[in-house]
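J.: Could you look at this predicted model? Sequence included:
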Amino acid sequence: MRRIVGAVLGALGCGAAACAGAGSAGAEPALAPFTIIVTESQTPPVPNSILELAGQLGFYKREGLDVTLKRVAGTPLAVAALLSGEGDMANVSLQAVLKLAGRGNTSLRAVSSPDRSLSYVVVARDRVRSLTELRGKVFGIGQVGTLDNSLTWLVLRRHGLDPGALRTVSVGRPQARLAALAAGKIDATTISLGSWTTLADKSGLRLLISKEDFFHSAPVTAKVNVVSVRTLTERRTAVEKVIMALIKLARWLAADRQRWADAMALARPDLRRADLEQLAAAYGHEWCVDGCFDVETLENSARILMTDPEHERKEPPATVQWADFSIVNSVLHKLGTAHQVGSP
C-alpha cells in the first residue's frame, strides 16, 4: 500500500503530465467531510472503481476532502438517499435522473461521469445458445429500475427481442445473480465484465452478449455523479474538488495500466491478480481523463435512453434541468484537457 500511495504522491508532486495541476490552491487546512453514495457493496472491478480508489490512493485527501462512502443497493435507493439529504453526491444511472426531471423533479444535477461505459455483458446457461432462445426463459435482474435492468431491456429491444417475452425475477446484487445462474435458478443475467472475468468457475455458463456488443447496442453514458441543486450552490468548491480528484486519478491510471491492477489488488485481495491484469488491459482506453461529460454525448445518451417504452414521454427534458457542465469545465480550465497535458 505504501509503495502505491508513494508512487501517487510522487507523480503528483513532480508535476507529471498525467497529474498536471496537482495540489489545488487554497486547499482547506482541515479536511472537509463529503459523502458519496454508491451502489456497490465493495470496490467493483470496473472503471467505476475510481470513486473508491480515489480515497484509497489519497486523491481526495490532496484536494482537502475527507470522503466517506455510503453504500446502498441500487440506483433507486441511491437517488432516494440523495434526495433525503443522506449524502452530498450519488453515483446513479443517467436514466433515473432523466425520469425525475421528466416528472418535474429538477432538484438534481449530473456534474460528471466516472466511466465511458459500465462494461456490461449478458451471460447465460449453456443451454441458451442465442438471444432468440431467451424467449420464455428466466432472466435475473437486480431489481426493477436498476441500471442493469433498464440498459438490458434497451439492448434486447435493439436486437429485436421484446423483454416481455422473458420471465423476469429480481435477484439482487451481481454476485447473487451469478450464484442463481450457476445454480440453474435463472437462465441469464446482466453483469459487468469485471464480475464475469473474476468468476472462478464458469462451467455450464456462456457469454451471450459481449462488452463491445452491449455498448454498441446502448452507446450511452450510463452512470453519472449527481448532486442536489442546493449542494451545487452551497458546496460548489467541494464538488469541484471531488471531480478534480477523479480526473487526476483517471489520468494517472491511463498513463500506466498496471496502476489500476495494483490498486485493485489492495482493494480486493479476494480477486486473482491475473484477472485484474486482464481487466486492466480491457479498460486501457476507458478512463475519463476529461470527465466523460460533454454536452453532445450527454444529450445523445438522453435521447437513446428516452426511447424506452417505460418513459411517459419520448423527448428528453431540457439538459439544463438535469445537468450542469460548469464543474467539469472549470476543472479542465485549471488542468488543461488530456490532449494538452499529454495523457492518453
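T.: Yes, it's here.

J.: which residues sit in contact with the most centrally placed residue in the chain?
T.: Against the mean C-alpha coordinate of the chain, by Cα atoms, centre = their mean, the closest residue is residue 48 at 4.0 Å. Going by Cβ atoms under 8 Å, 6 or more residues apart in numbering, residue 48 touches 40, 91, 114-115, 118, 223. Placement of C-beta: from N, CA and C, glycine included.

J.: swap the cut-off to 10 Å and go again
T.: 38-40, 91, 113-115, 117-119, 192, 194, 222-223 (Cβ atoms under 10 Å, 6 or more residues apart in numbering).

J.: In strands, which of those residues fall?
T.: 38, 91, 192, 223 (DSSP state E).

J.: between the residues you listed, which is closest to residue 236?
T.: residue 91 (18.8 Å; Cβ to Cβ).

J.: wait, what's in contact with the residue nearest to that closest one when sequence neighbours are not counted?
T.: Excluding the flanking residues, the one nearest residue 91 by Cβ to Cβ, 6 or more residues apart in numbering is residue 38, at 5.2 Å. If you count contacts by Cβ under 10 Å, 6+ apart, residue 38 has them with 44, 48-49, 51-52, 69-72, 78, 87, 89-92, 114.

J.: now swap in residue 127 and tell me
T.: 133, 137, 184, 187, 204, 206.

J.: ok, back up a step: what is the nearest of the contacts of residue 48 to residue 320?
T.: residue 113 (17.6 Å).

J.: pLDDT weak spots in the stretch 201-344 of the chain?
T.: Where the stretch 201-344 of the chain drops to pLDDT under 70, the residues are 308-314, 339-344.

J.: and residue 203, that one's in a helix?
T.: No: counting by DSSP: H, G, I helix; E, B strand; the rest coil, residue 203 falls outside a helix, being coil.

J.: Distance-wise, check it relative to residue 181.
T.: Per Cβ to Cβ, to the nearest Å, residue 203 is found 12 Å from residue 181.

J.: Residue 292 now?
T.: From residue 292 over to residue 181 (counting by Cβ to Cβ), the distance is 30 Å.

J.: for residue 293, same thing?
T.: From residue 293 to residue 181 the distance is 34 Å (Cβ to Cβ).

J.: More neighbours: which of those two?
T.: Using other Cβ atoms under 10 Å, the more surrounded residue of residue 293 and residue 181 is residue 293, with 26 against 23.

J.: measure that one to residue 40 for me?
T.: Residue 293 is 21 Å from residue 40, by Cβ to Cβ.

J.: how about the strands in the stretch 201-344 of the chain?
T.: Using DSSP state E, counting those that start in this stretch, the strands of the stretch 201-344 of the chain run over 205-209, 223-228.
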